[in-house]
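Peer 1: predicted model and sequence below, questions to follow.
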Amino acid sequence: MALKNAFYAQSGGVTAVINASACGVIETARRHSDRIGKLYAGRNGIIGALTEDLIDTSLESDQAIAALRHTPSGAFGSCRYKLKGLEENRAEYERLIAVFEAHNIGYFFYNGGGDSQDTALKVSQLGERMGYPITCIGIPKTVDNDLPITDCCPGFGSVAKYVAVSTMEAGLDVRSMAETSTKVFVLEVMGRHAGWIAAAAGLAAESEDQPPHVILLPEVPFRKQPFLDAVRRSVERFGYCVIVVSEGIREEDGRFLSDSGSTDAFGHVQLGGVGPIIASMCKRELGYKYHCAVADYLQRAARHVASKTDVDQAYAVGAAAVEMALDGRNAVMPTIVRKRDEPYQWEIGCADLAEVANRERGLPPEYIREDGFGITDACRRYLQPLIQGEDYPPYRNGLPYYVRLKNASVPRRLGDTFTLR
C-alpha cells in the first residue's frame, strides 16, 4: 500500500520566519520517508489546493530546503482567502477533500493565524464525515502575536526586534535635529486589534527620556486631548517626541481612527493609514514640524535583523507538526510554552484547534502603563526574551542571499476546474 503524501500551505500575511517553519516541516518529513510519501505545497496557499495547483517539494535539493530557514516571505506563495463555514460553503471543503484524495494526501499542515487554524479544524471534521480521514495540524504564524494558548507566535519576535531597532535609530536621528527641525516623529506599525507590535517598540526605551515617548495601542481608546498633552510634555521636556502607533487604534465609540470605508478579503475593515492622521494632528493642533513613516511590509520582511529566538521557534513548530501527525494527533497545533523568563527557557506544547480557531489575544491590562501611553515592566519581561539573538542570513555581494525554489508543478489528476468565489 502506497505511503500517504502530505500537503503544506502558507496562509495570510507572510513573515521573516514562516519559511523556517516550512523548512522544519519538509526536513522532518524527509527524515520520516519510511512513513510519509511526498510532501506537496500549495501554490499561493490554500488556493493551490482548491485549484489543484500543487508543488512537488521532493524536486528541491536538501541545500535549497535548508536555505529556507534564512529566507523571508512565503517560498510557495500565500494568500488571503477565508473559507466560510461548512454549512455556508460546503463545496470548497469537499473540493479540498477531492484534491487530497486524488493525490493520496493523508496529512494537511496549514501554517497561519486564527482563520487558518479554523480551516484546518473544519477540514479534519469534514474528512471524517466524508469517509476520507485526514490528519490536520495547524502551525502557528502571525506577526500580530494574537493567537491564544501559545506563549508567542512565530513571526512576532522578529517584527518586535525590527520595530524596537527602528524606533531606537530613528529616535537618535530626530533628537539630533530637533533644535532646528523635526519635533515629532511618527512610526505606524501593524496591529489591527492587538497592540503587541507597537508595545515592542517600548523595548527601545531604557529611561523615560528615550523614545518611544508615546505608544498608541488598540486596547486603549484614543482620546485626543490627553494624547496632545502627552506630546507637548515630551517636546517641552526632551526637545522632541517619538510616537509609535498601531494601525488599529480606535476612538472611544469603537470606530477605527483610520477606517477607509472598505474591507479586505477576510471581511476586515480596510485601514487607511493612521500614522499620517496622527502626525497631521500634531502639526495642526500643536504646530510641530513632523516626519512620518509606515513600517508596512518592511517590518515583516526584515530577515536581516531577525530574532534568533523567533527563527528557532518557527523551525521547531514546523518540525513538531510532523511529529504530532505521525504520533496520531489530529486537529491540534504545536504551541510554545514558556518555562522561565531569565534565563529564557521554552518548550513545545500542544493545543486543540477548537481552542485556537478564530480567537484573538490582546495585550493584557497589566502590560499597559497606567496612562495608556506605554508599557509596564511586566510587559518588558515578557517581550525581552523574544527578540534575543542574531541569526544573520549569508551575504553575497553585500546583500543577503535568499533562496528561490524551483516550485515545479504536480500533474493534475482531476479532470475538472474549480472556480474561486
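Peer 2: Arrived safely. Residues are numbered from 1 along each chain as shown.
Peer 1: let me know the secondary structure of Q225.
Peer 2: helix (DSSP: H, G, I helix; E, B strand; the rest coil).
Peer 1: check what pLDDT it gets.
Peer 2: What the model reports as pLDDT for Q225 is 97.
Peer 1: before we move on, what about A357?
Peer 2: pLDDT, A357: 89.
Peer 1: state the distance from it to G113.
Peer 2: 10 Å (Cβ to Cβ, to the nearest Å). Placement of C-beta: from N, CA and C, glycine included.
Peer 1: do T376 as well
Peer 2: Distance, T376 to G113, by Cβ to Cβ: 26 Å.
Peer 1: compare these two and say which is more crowded by neighbours.
Peer 2: Using other Cβ atoms under 10 Å as the criterion, T376 and G113 rank with G113 on top: 25 against 18.
Peer 1: go ahead and confirm that one touches I139.
Peer 2: No. G113 is not in contact with I139 according to Cβ atoms under 8 Å; the separation is 10.4 Å.
Peer 1: and the strand or helix carrying G157, what does it pack against?
Peer 2: Assessed by DSSP states H and E, G157 sits inside helix 156-177. Packed against helix 156-177 by the contact rule (3 or more Cβ pairs under 8 Å, 6 or more residues apart in numbering; DSSP states H and E) you find strand 184-189, helix 196-200, strand 241-246, helix 296-301, helix 308-326.
Peer 1: turn these into TSV, columns for mean pLDDT, mean neighbour count and distance to E285.
Peer 2: Output for the helices and strands packed on helix 156-177, formatted as TSV (pLDDT from 0 to 100; neighbours: other Cβ atoms under 10 Å; distance: least, Cβ to Cβ, whole Å):
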stretch	mean pLDDT	mean neighbour count	distance to E285
strand 184-189	98	28	11
helix 196-200	98	30	22
strand 241-246	98	30	13
helix 296-301	96	17	26
helix 308-326	98	24	38
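Peer 1: can I get the ones you listed in TSV with distance to L126?
Peer 2: Formatted as TSV, the helices and strands packed on helix 156-177 follow (distance: least, Cβ to Cβ, whole Å):
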stretch	distance to L126
strand 184-189	37
helix 196-200	33
strand 241-246	36
helix 296-301	32
helix 308-326	18
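Peer 1: who touches stretch 340-352?
Peer 2: The contact list for stretch 340-352 (Cβ atoms under 8 Å, 6 or more residues apart in numbering) reads 149-151, 309, 313, 316-317, 320, 324, 329, 331-339, 381-382, 384-385, 388.
Peer 1: tell me the contacts of the residue nearest in space to the middle of the chain?
Peer 2: Nearest to the mean C-alpha position of the chain, by Cα atoms, centre = their mean, lies T142 at 2.1 Å. By Cβ under 8 Å, 6+ apart, T142 lies in contact with 12-13, 15, 112-114, 153, 155-156.
Peer 1: please apply the same query to E370.
Peer 2: Taking Cβ under 8 Å, 6+ apart, one finds nothing in contact with E370.
Peer 1: tell me how far it lies from T376.
Peer 2: From E370 to T376 the distance is 8 Å (Cβ to Cβ).
Peer 1: next, R95: secondary structure please.
Peer 2: helix.
Peer 1: now do it against L228, distance only.
Peer 2: Remark: distance between R95 and L228 (Cβ to Cβ) = 53 Å.
Peer 1: the more surrounded of these two?
Peer 2: R95 (18 against 14).
Peer 1: run a quick neighbour tally on L86.
Peer 2: By other Cβ under 10 Å, the residues close to L86 number 15.
Peer 1: that one: what's it in contact with?
Peer 2: Here L86 is in contact with 93, 122, 125-126 (Cβ under 8 Å, 6+ apart).
Peer 1: from the residues you listed, pick the one nearest A279.
Peer 2: K122 (42.6 Å; Cβ to Cβ).
Peer 1: show me which of the contacts of stretch 340-352 are buried.
Peer 2: When those are checked for burial by 16 or more other Cβ atoms under 10 Å, the buried set is 149-151, 309, 313, 316-317, 320, 324, 329, 331-336, 338, 382, 384-385.
Peer 1: would you agree E360 is in contact with A194?
Peer 2: Yes. Counting by Cβ under 8 Å, E360 does reach A194; the two are 6.3 Å apart.
Peer 1: and for these two, which residues touch both?
Peer 2: Among the neighbours of E360, those also in contact with A194 (Cβ under 8 Å, 6+ apart) are D146.
Peer 1: what's the domain layout of the protein?
Peer 2: Here the domain parsing of the chain from automatic domain parsing is 5-141+304-358+391-400, 156-303.
Peer 1: turn the ones you listed into CSV, columns for distance to L414.
Peer 2: Formatted as CSV, these follow (distance: least, Cβ to Cβ, whole Å):
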stretch, distance to L414
domain 5-141+304-358+391-400, 5
domain 156-303, 25
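Peer 1: how about those domains, which one is nearest G415?
Peer 2: Each of these has some distance to G415 by Cβ to Cβ; the shortest is domain 5-141+304-358+391-400, at 10.0 Å.
Peer 1: report the buried residues of stretch 287-294.
Peer 2: Quick answer for stretch 287-294 (16+ other Cβ under 10 Å): 288, 290-292, 294.
Peer 1: please apply the same query to stretch 82-94.
Peer 2: Neighbour-count burial for stretch 82-94, counted by 16+ other Cβ under 10 Å, picks out 82-83, 92-93.
Peer 1: and what of stretch 383-395?
Peer 2: For stretch 383-395, burial by neighbour count (16+ other Cβ under 10 Å) applies to 383-387, 391, 393.
Peer 1: using a markdown table, lay out those together with secondary structure.
Peer 2: Putting those into a markdown table (three-state DSSP) gives the following:
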| residue | secondary structure |
| --- | --- |
| L383 | helix |
| Q384 | helix |
| P385 | helix |
| L386 | helix |
| I387 | helix |
| D391 | coil |
| P393 | coil |
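Peer 1: among the residues you listed, which one lies nearest to A279?
Peer 2: Checking those against A279 with Cβ to Cβ, the nearest one is L383 at 25.6 Å.
Peer 1: confidence score at that closest one?
Peer 2: On the pLDDT scale, L383 is placed at 98.
Peer 1: does it touch A200 like I think?
Peer 2: Yes. Assessed by Cβ under 8 Å, L383 is found in contact with A200 at 5.6 Å.
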